[in-house]
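Trainee: Turn this into a model:
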Amino acid sequence: MSDAAMLEMAGVAKRFGARAALAGVDLVARPGEVHGLLGANGAGKTTLLRIALGLARCDSGTLRLMGRPLDWPNGRLPDGVAGFVEAPAFYPYLSGRENLSLLAHLDRRSGVSRVTECLDQVGLASVADAAVSAYSAGMRQRLGLAAALIRHPALLMLDEPTSSLDPAGARDVRHTIAALARDGAAVVFSSHDMAELEDLCSVFTVLHHGRVVFSGVREAFEAHVNRDAYTLQTSNDQLAIEIARECGVESTAPETGNLVVHARSDALDAYVIALGRRGVAVRSLSRQARSLEASFLELTR
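Mentor: Predicted structure coming up:
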């Protein structure tokens, strides 16, 4: 394991009864990285983050935060580690400012002086003294991020931090995450918004039924899936679809006048030859730019 890593998980496993939520997960997050966690509901993303934040204990495996093992008996996180999972909870009868001040006092850190700064950073300065019971779900999500920022995070871990936010709020959170990474922090966050992950992340880990099916940089992620998508124009699309089925090539019915086929290069060559032999002219064939979503769906198919 690298000494520079902010988060190191090796062989982490967690079961809930007969169900394996995590099965030997490895994950490394380094300074300056925004590390995206992908996976369908139930893949293990939230369980992984709960373990990394000391909210749950793994059954086996090792976990190091900022180069040190997590202190399980008291669950105290090292300085510079922060985050939240699912929906952050606060005392509803206290104001946002009071909630953050209380958290800073309980944490016994010097974060009390940063409460106003962090509220302003997440766009809550104007409602800082209103009771949290009057906050919307999106405002509570912002308050959760402010609570994490109080700790000056060098490692920030967030579970779907933009899930309840409007577009402007989600943009602000993305800007905050990107700024933290530029300043050298390691950020790990899960999201179902593929465009958000594409925009922010330089590294991805894909979980499927509690197992890592891919971990690496974006370029390697896209290259890991060796089937490409092609836009195809033919003289007889219906027959081209039938031939694709016979050749074991996946095709989708045209919506814009063109077919879309998914195939490895060798299968595509055989398919194009088969089209010619059956009298179907290929009028155009172009490779589509592969999206993060397409790569994810291929890995977890």
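
Trainee: State the helix or strand in which the nearest residue in space to residue 125 that is not next to it in sequence lies.
Mentor: Of all residues beyond its chain neighbours, the one nearest residue 125 is residue 119 (5.4 Å), with distances taken as CB to CB, 6 or more residues apart in numbering. Any C-beta I mention is one placed from the backbone N, CA and C, and that applies to glycine too. Per DSSP states H and E: residue 119 is located in helix 115-121.

Trainee: again, but for residue 216
Mentor: Using DSSP H and E, residue 216 sits within strand 211-217.

Trainee: Enumerate the positions of that strand that are buried.
Mentor: 212, 213, 214, 215 (16 or more other CB atoms under 10 Å).

Trainee: Need the pLDDT of the second one.
Mentor: Here, the pLDDT recorded for residue 213 equals 88.

Trainee: Now do it against residue 86, distance only.
Mentor: Applying CB to CB, to the nearest Å, the value for residue 213 to residue 86 is 23 Å.

Trainee: Can you pull out the low-pLDDT segments for the stretch 101-250 of the chain?
Mentor: Residues of the stretch 101-250 of the chain meeting the criterion pLDDT under 70: 109-111, 222-227.

Trainee: Apply 80 and report the result again.
Mentor: For the stretch 101-250 of the chain, the stretches with pLDDT under 80 are 107-113, 192-195, 218-229.

Trainee: for residue 20, what are its contacts?
Mentor: Residue 20 sits next to 13, 14, 209, 210 when contact means CB atoms under 8 Å, 6 or more residues apart in numbering.

Trainee: Sorry, slip of the keys, the one I care about is residue 43.
Mentor: Remark: with contacts taken as CB under 8 Å, 6+ apart, residue 43 is in contact with 207, 208, 209, 210, 300.

Trainee: So which elements touch the helix or strand where residue 146 lies?
Mentor: In this structure, residue 146 is located in helix 137-149 according to DSSP H and E. Packing contacts for helix 137-149, counted by 3 or more CB pairs under 8 Å, 6 or more residues apart in numbering; DSSP states H and E, involve strand 81-84, helix 96-107, helix 115-121, strand 155-159, helix 167-182.

Trainee: Sitting in strands, which of the contacts of residue 43 do you find?
Mentor: Under the assignment DSSP state E, the contacts of residue 43 contribute 207, 208 to strands.

Trainee: Pick out the most distant pair among the contacts of residue 43.
Mentor: 210 and 300 (12.3 Å; CB to CB).
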